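> Give me the fold of what follows.
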Amino acid sequence: MAEERDSAEALVSEIHKKITDAFEVFDHEFNKTVDIREIGTIIRSLGCFPSEGELHDIIAEVEEEEPTGYIHFEKFLPVMTKVLMELNEFSCNILILKHFVLHHILGEPFTREEMEEMFSAALDPDKNVIFYKDFVSMMTIEET
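Below you'll find the model as predicted:
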């Protein structure tokens, strides 16, 4: 239990450092604020590629009640931490899915193109996610 907590704390610390470093590149005044127009670039530099709608949602969440055209670091940090934690969890789930489900359950290796095709077929178009249980049931044959 203590190892898991330490691991989670290390992950959060690493994510905070990445966010801080990316934010500081665009903090030209060194006052913990960036121009709102730079937020998309900062987010993409962190490995996230949100749609325009998702980007607007993030901006709405970090923007001051009275928009100033600038985003403050203290509002940006918790929102981006949550986004990156979810992205990290999603990436880990995909990795597990690739290695466990595709190799051990199905028992045969696949090319990258075959895997991409399977993931594409399993993608929920409304939510832009793959539901693990649905994917597993789609990929396995139920014995009768």
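
> Could you use CA atoms for every contact and neighbour count after this?
OK.

> Show the low-confidence segments of this protein, by residue range.
For the chain, residues meeting the criterion pLDDT under 70 lie at 1-5, 7, 87-112, 115, 132, 136, 138-144.

> just the strands in it please.
Remark: strands assigned in the chain by DSSP state E are 33-35, 70-72, 123-124, 129-130.

> right, and these - which one's nearest I15?
Minimum separation from I15 across the strands of the chain (C-alpha to C-alpha) falls at strand 70-72, 17.5 Å.

> Give me the contacts around that closest one.
Outside of strand 70-72, the residues within contact range by C-alpha atoms under 8 Å, 6 or more residues apart in numbering are 32-36, 62-64.

> Buried members of the residues you listed into ChimeraX, please.
The ChimeraX command for the buried members of those (criterion: 16 or more other C-alpha atoms under 10 Å) is given here:
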select :32,33,34,36,62,63
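
> Name the nearest of the contacts of strand 70-72 relative to F131.
Nearest to F131 among the contacts of strand 70-72: V62, at 28.7 Å, using C-alpha to C-alpha.

> Let me know whether V129 touches S120 as I believe.
No. Judged on C-alpha atoms under 8 Å, V129 makes no contact with S120 at a distance of 9.8 Å.

> got a list of what D27 touches?
33-34.

> follow-up on the earlier one: want to throw the contacts of strand 70-72 into CSV with distance to V25?
Listed next are these as CSV, based on distance: C-alpha to C-alpha, whole Å:
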residue, distance to V25
K32, 11
T33, 11
V34, 9
D35, 12
I36, 14
V62, 18
E63, 19
E64, 21
